[in-house]
Structures are given as structure tokens and as C-alpha cells.
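**Q** Sequence first, then the predicted structure, then my questions.
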Amino acid sequence: MSSPQFTLYSTEIGPNGWKVAMVLSELGLTYKTIFLDFSKNEQKGPEFTKLNPNGRIPALIDHANNDFVLWESNAIIEYICEKYDKERKLSFADFDNQNFTRQWLYFQASGQGPYYGQAVWFMKHPNGEPPSVVERYQNETRRVLKVLESVLSKQEWLVGGKLSVADIAFLQWNTSADRIILGPEFMDKETPHVRKWMNAMIARPAIKKVMEERAKLLSG
């Protein structure tokens, strides 16, 4: 058996590595995952920071491209698509849809990820902050979901009438909204088209496989 093409550095808990895994899985690209132990601060150790000086996951090594190393999840996703999605399964050949995809990836990185991440942090690690702190990030989570709902109520996918990395980038953080930040009731009642969109992704075999792997690790 040949060695996997990619090495993905991730963590069992955080969503960002898993969205990269979903893209690799959907494109049928082979990879092995190294899960860093955040309780031991492995992401800040010299072995990893020589790959990513920011000390955050994910990082990806492409062994088929001279062990090319890249970090930041959405930059990784764009790289994978530009270099390996030749059939445009998750990306687009036309200039306009390429930029619409980039628009959503930037919104996910600047809007969804930071706000959801702060919400989870303050809810899981309370340290005497006033209730307004958690409320702020819960409200920002609601706002992001409403933005998605406003678009998905009119179309099935975010870009170009098909599943793309623009959609996949949002999925894992949205499961955090369900599990931790807001509970499933908000999405069920207030953003039903977001729920339908998420379910359509989760039902895909390649994505389902990755989500089941994550669920197994978290339950263990």
C-alpha cells in the first residue's frame, strides 16, 4: 500500500482540521492525520511550530509537492482545490464563482470561526466574566446563522448551484452552534434552511465518514 499523499495536523476537538479532512475525503485524496494534544500544548512545541509558527491547527504537508507545507484552514482548502480538484467537484472554473467562493471562505474565517470560537471558549471556561460576554458571542452566532439563512432560503447551495468548499467550510462550526452555543432549537425554528443544508452535507458518504470518525474520537 502506498503512503498517503498528505499529512494533516489537527485536533480531535477543534473544527478547523476536520473541514480540511472533509475536502480531502470528498476529493478522494489520501491523508493521515496527526492529532495534537492541546492539554499538553503540543501545538506550541518546536516540532509543530517549525511547520506553523502561529502554533494553531491545522497544517498540511503535501508529500507529492516536495513536502509543501501550508497552514490556515481556508488557505489549505483553496490550495487543495486549485491544485487537485481538476474536475471542479468542489470548486469552479469561472472567475465570478471563484470569487464568490472566496467571499464565503473569508466570511467563514472572519465571521463564523472567531465568534463561534469565542462563544465556545467562554461557555466552557467561565472565569467570572459578566453574562454580557457570552451573550455577545451567542448573538453573533445567531447573526451569522441568519446571514446564511437569508441566502439559503433562496438557493440550495452558497455558490454556483452545487456543493462546494464554500459550503463545507461552515459545517463543523455550525455543529458547535448546535451542540454548545445555542442548542438545536434555534436552528430548527429560526434557520430551517441552514438545517436542511447541513443535513444534505452530512448525508454525503465522504463527509459522513469524517464526521463519524470525529464523533468516535470525541466519545472515546
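**A** Structure's in. What do you need? Numbering: from 1, shown residues only.
**Q** Could you use CA atoms for every contact and neighbour count after this?
**A** Will do.
**Q** I'd like the next helix or strand past the helix of greatest length in the chain.
**A** As assigned by DSSP state H, the longest helix anywhere in the chain is helix 131-152. Using DSSP states H and E, the helix or strand that follows helix 131-152 in sequence is helix 165-176.
**Q** so for the helix or strand just after that next one, what's the average pLDDT?
**A** Counting by DSSP H and E, the element after helix 165-176 in chain order, helix or strand, is helix 184-190. Helix 184-190 shows an average pLDDT of 96 in the prediction.
**Q** which residues sit against helix 184-190?
**A** Leu145, Lys146, Ala177, Asp178, Val194, Arg195 (Cα atoms under 8 Å, 6 or more residues apart in numbering).
**Q** Repeat the analysis, applying 7 Å as the threshold.
**A** Asp178, Arg195 (Cα atoms under 7 Å, 6 or more residues apart in numbering).
**Q** Just checking, which helix or strand succeeds it along the chain?
**A** Scanning onward from helix 184-190 (DSSP H and E), the first element met is helix 192-202.
**Q** model confidence over the following helix or strand past that next one, on average?
**A** Next helix or strand after helix 192-202 toward the C-terminus (DSSP H and E): helix 205-219. Here helix 205-219 scores 93 as its mean pLDDT.
**Q** Then stretch 14-23?
**A** 96.
**Q** OK, contacts around the closest residue to Glu72 other than its chain neighbours?
**A** Once flanking residues are discounted, Glu72 sits nearest to Pro58: 6.4 Å by Cα to Cα, 6 or more residues apart in numbering. The contact partners of Pro58, by Cα under 7 Å, 6+ apart, come to Leu8, Tyr9, Ser10, Asn16, Gly17, Trp71, Glu72, Ser73.
**Q** As JSON lines, those with neighbour count would be great.
**A** Listed next are the contacts of Pro58 as JSON lines, based on neighbours: other Cα atoms under 10 Å:
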{"residue": "Leu8", "neighbour count": "25"}
{"residue": "Tyr9", "neighbour count": "22"}
{"residue": "Ser10", "neighbour count": "24"}
{"residue": "Asn16", "neighbour count": "24"}
{"residue": "Gly17", "neighbour count": "24"}
{"residue": "Trp71", "neighbour count": "21"}
{"residue": "Glu72", "neighbour count": "18"}
{"residue": "Ser73", "neighbour count": "23"}
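**Q** Including secondary structure and distance to Ser39, could those residues go into JSON lines?
**A** Shown next, in JSON lines, are the contacts of Pro58 (DSSP: H, G, I helix; E, B strand; the rest coil; distance: Cα to Cα, whole Å):
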{"residue": "Leu8", "secondary structure": "strand", "distance to Ser39": "19"}
{"residue": "Tyr9", "secondary structure": "strand", "distance to Ser39": "16"}
{"residue": "Ser10", "secondary structure": "strand", "distance to Ser39": "14"}
{"residue": "Asn16", "secondary structure": "helix", "distance to Ser39": "17"}
{"residue": "Gly17", "secondary structure": "helix", "distance to Ser39": "17"}
{"residue": "Trp71", "secondary structure": "strand", "distance to Ser39": "21"}
{"residue": "Glu72", "secondary structure": "coil", "distance to Ser39": "21"}
{"residue": "Ser73", "secondary structure": "helix", "distance to Ser39": "21"}
